[in-house]
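Chemist: Here is the input, now give the coordinates:
(3 chains)
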Amino acid sequence: MKIEKVLVETEDRNIKTFSLSFANGADKSDFNYVPGQFAELSVLGKGEAPFGMASSPTQEGCLEFTVNKAGLLTTALHNMEPGDIVGVRGPLGNGYPLEQLEGGNIVIIGGGFGFSTLRALTNFMLDDRNRGRFGDITVIYGARNPGLVLYKDELEEWGKRDDLSLYMTVDSANGDWNGRVGLIPNIVKEVAPSADNTYALVCGPPVMIRFTLPVLQELGFPSDKTLLSLEMRMKCGLGMCGRCNIGSKYVCADGPVFTLAELSKLPQEH
Amino acid sequence: MTNTSLKLKEADLAISDQIREAARRLLQQKEVELVIGFEQGTLPLRFTPCFIRNEEDVDRLVWNSFCSNNLAKYLIKRTEKVAVVAKACDVRAIVELIKENQISRDQVVIIGVPYSGMIDRRRIEAELEGKEILGVEEEGNNIILKGNGFTKVLDRNKYLCRCCEESTPANPVIYDILIGELVEEKVPCQSPEIAEFEAKSSDERWSYICAEISKCIRCYACRNACPFCYCQECFVDKTSPQWIGKTTNPSDTLIFHLTRALHVAGRCVGCGACERACPMGVDIRKLNSKLVGDVRELFGYEAGTSLEGVAPLATFKPDDPEGFMLNP
Amino acid sequence: MIAKIVRESDLINLLGEWLKEYELIAPVKRDNLVVFDRVDSAGEVLFNYSNTVKSAKELLLPQSETLFTYSSVDHSASIEAHFNDAAPKLLFGVRPCDAKSFLLLDKVFDGERYKDAYYLNRRANTLVVTIGCVKPRTTCFCTSVNGGPFSEDGSDLMLIDIGDAYVVKVTSDRGAGLLEGAELEDAGEDDLASMKRVIQDAEASMSPKLAIEGRQENLESIFDDPIWGPLTEKCLGCGVCTYLCPTCHCFDIIDEARDSQGERIRVWDSCQFSQFTLQASGFNPRLTNKERLRQRVMHKFSYFPKNYGLTGCVGCGRCIQECPVNLDIRDVLNDLLMESVIK
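Modeler: Sure thing, here's the model as predicted:
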């Protein structure tokens, strides 16, 4: 695929969102994905790594990935410019169970970098063709500090909508941050809607998840309606290389989206 | 699953008893929380590291000529007080590791076992060419091997661990408890193997090393068995920069072995754990052994022989040899 | 199908015939080790051996394999997939454990969801002629994992040494194809009686069975049990067990480049290596040898059976033979199963 646009998301310039277009037109129709799925991005000569799709399939013709500069491949990606070619292998994984979510209310809780696939899901649900299928949508998104907030422009647009409740927070503020300050679990306690017929979708760093889940449980969200998108070191994306398993489930092929009920049956090794 | 027909020779029985006694006492008096030693393995020639924390388990500890693993490996960065049953080469490794701050001297109780002549099971296995050994006994200088329909008697002196064959001392350099008595120290001599290697021309050495390395499957058993390979992130795992490729490309494999040999040079005590760990019979120790000799010659340093002194490659002295610069 | 009989000299001839059509891979002696290698003449084949050091898995899943080569030019790249080893192969002299391991690897690489074209390419091209184990080793435990010294799983032909000849059993259509034109005699009653005796003796000589089958839930129930600490304490964390194992299939995918050209390569990897599950964030869910060895045991004896209905181990005993610290998986399993009964 070809890089069309590179957007620097964060102040420290460590996170960039890449918008890609298909170099080969036929691939466009073959690449059918749902939010929550991921793809293996490759830079020829450097390797391959998995990234969640940050764009919704309703955004025609383009595929977005939000990449944190952390190692060999991501550094190579960060050094690339519009016009450069990258490889994409996918879609992989199970994605969010859209049929199941239909008719219910949705609470999206995203922390830091883990917000990217939730952003894809939100955009999907907000699309005119889809909005009617879902009930109330609440989005709770937090970053460590204002400089690390992703998708700033888009969030501003979301804030103006009346078919979505958006709550943003940062762990610690600086300068001109006018919004909430507080850790996500606390914000969730404050603003989460009723758990009645509501699905909670959570994605973020392990520590955030660890403290948010008990809050959700207290608020009455059942474990089969609490969904997590897990992170694991992945390579093949097909359940073959043996790397990403939790118990008998492969995060790349059986996940990365799991309900809390499913996870509680697996060894606690993540 | 242990081999029930364990028959130790007299001398080994005595040593085993004394080790158990020491371990029992140390645990009883709560001087240590853990005793690391050897117990019978699940194959006739195998004796395996064991970790004893309770007095009632002390009788599992045994000693004989097949206790060849280097137990110093298990002492690194321990928080509790530990006793270790250590032969001479293990102790040498411990000495260097103390100097490298990986083990604290007052945290380890060294149960030193003077012993000349550990047997290298790999050499015996090679001699038997794949025939399965079902029982082993030692009688004097004889190793009596029994299998299905055969008995073979070998002269133990031809099947020693290379390290025991060479000039390296058989007595622990330091110890807190001594098992038995110090043995007669060996007369230092160069290993005939190393002499043979040194007599080869540069090209011959290159061919030899390349041929050996071609057997390597990059399982890293050699690295993991070595007490001195304790880096949190080994150079083989680094991606930025990437030092070597991950395939079995001979060039990459060679760089792995050469680099590892240099990383442990000056610290390596020649114990041979690397060689015995290798499933493919790669002659890994040759290179390390050669470097031990070179370090002795160039820097007058012998790893593991004293708690004083720094490994030559970890320090710089103005009178370090400069021949490689002036006479390349 | 009726069993046939073949004398050793005729077998050599048969191998010679096979050599005309197939690349023949058989056990040979290299230095002091027995390994699988390609042979150019039947005379090179080693018959008297227990088992090879490395398993036969590298024939289907090579230690390193180029997946594709690429070449980038300006803002485009061309990629060429490599299906290596297309020539038909005959793997001769495998043991039943290794033959069975192919069926287990099939579950992973010829799966319901995804199929691995590289593996399947080799699989389709490889025929398997097994030689049954007349003298199992003390470390063999195939009978504890639904296998046996004369198990026919995964074989196309099975040869059983009855002393002066081999009984030949056809165990697949492809195996039958191998014997076409060979005109082997039918095995006589005496031959079959000898065979029966040989099989009985071999099976009786095997070490006592472990009670592993069907115990997945037991193992899962003690996943967090403190017993794992002492059981794994002596593990060095090297890759010997996984690399020699016929059913271990973990791999990594890496790129190697020179300027604008390069290749993407699949290489063996091991769940025992410290960085295997290290995440980009720096978090590692399997931080010590304990978690990693637990993963190996659970994967083979709990997760794999759960997913595929077969125990993920063929009992070849190579890990027991070669572990540098003699960490014996049979002891581990016995201790775990006992613990799970207590708890």
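Chemist: Which residue does the stretch 51-200 of chain C have closest to chain A?
Modeler: residue C:114 (4.3 Å; CB to the nearest CB). Using the backbone N, CA and C atoms, a C-beta is placed for each residue, glycine as well.
Chemist: go on, chain B?
Modeler: Counting by CB to the nearest CB, chain B gets nearest chain A through residue B:239, at 4.5 Å.
Chemist: Give me the nearest residue to that residue, chain neighbours excluded.
Modeler: In this structure, residue B:239 finds its nearest non-sequential neighbour in residue A:72, 4.5 Å apart by CB to CB, 6 or more residues apart in numbering or on different chains.
Chemist: so who does the one you found touch?
Modeler: Residues in contact with residue A:72 (CB atoms under 8 Å, 6 or more residues apart in numbering or on different chains) are A:46-47, B:239-240, B:242.
Chemist: Need the per-residue pLDDT for residue 56.
Modeler: Chain wasn't specified; assuming chain A. Model confidence at residue A:56, given as pLDDT, is 94.
Chemist: try again with chain C
Modeler: Value for residue C:56, per-residue pLDDT: 95.
Chemist: what does the one 4 residues further on give?
Modeler: According to the predicted model, the pLDDT of residue C:60 comes to 95.
Chemist: Surely it and residue C:123 touch.
Modeler: Yes. Using CB atoms under 8 Å, residue C:60 is in contact with residue C:123, at 5.8 Å.
Chemist: and the closest residue to the residue of the stretch 51-200 of chain C closest to chain A other than its chain neighbours, how many neighbours?
Modeler: Nearest residue to residue C:114 in three dimensions, chain neighbours excluded: residue A:238, at 4.3 Å (CB to CB, 6+ apart). Each residue near residue A:238 was counted by other CB atoms under 10 Å in any protein chain shown, and the total is 20.
Chemist: Contact partners for residue A:238?
Modeler: Neighbours of residue A:238 in contact, by CB under 8 Å, 6+ apart: A:92, A:252-253, C:113-114, C:116.
Chemist: Between these, identify the one with the most neighbours.
Modeler: residue A:252 (27 neighbours).
Chemist: Quickly note the distance from that one to chain C.
Modeler: 10 Å (CB to the nearest CB, to the nearest Å).
Chemist: residue ranges with poor pLDDT in the stretch 51-200 of chain A?
Modeler: For the stretch 51-200 of chain A, no stretch has pLDDT under 70.
Chemist: ranges for the helices of it?
Modeler: A:72-78, A:98-101, A:115-126, A:128-131, A:152-160, A:184-191 (DSSP state H, counting those that start in this stretch).
Chemist: just to revisit the earlier point, for residue C:60 and residue C:123, indicate the residue with more neighbours.
Modeler: A direct count of neighbours by other CB under 10 Å for residue C:60 and residue C:123 places residue C:60 higher, at 24 against 17.
Chemist: ok now do the more buried one, which residues does it touch?
Modeler: So residue C:60 contacts C:102, C:105, C:109, C:119, C:122-123, C:126 (CB under 8 Å, 6+ apart).
Chemist: again, but for residue A:205
Modeler: Contacts of residue A:205 by CB under 8 Å, 6+ apart are A:111-114, C:281.
Chemist: and if we set it to 7 Å?
Modeler: A:111-112, A:114 (CB atoms under 7 Å, 6 or more residues apart in numbering or on different chains).
Chemist: Need phi/psi at it.
Modeler: phi -70, psi 150 (degrees, to the nearest 10).
Chemist: how does chain A divide into domains?
Modeler: Annotated domains of chain A cover A:2-92, A:98-229 [automatic domain parsing].
Chemist: of all these, which lies closest to residue B:306?
Modeler: With CB to CB as the criterion, residue B:306 lies closest to domain A:2-92 of the domains of chain A, at 42.6 Å.
Chemist: quick one: contacts of the helix of greatest length in chain C?
Modeler: The residue-count maximum for a helix in chain C (DSSP state H) belongs to helix C:189-205. Helix C:189-205 has contacts (CB under 7 Å, 6+ apart) with C:3, C:5, C:133-136, C:148-150, C:160, C:162-163, C:167.
Chemist: How about stretch A:79-88?
Modeler: Counting by CB under 7 Å, 6+ apart, A:1-6, A:20, A:23, A:39, A:41-44, A:63, C:75-77 sit against stretch A:79-88.
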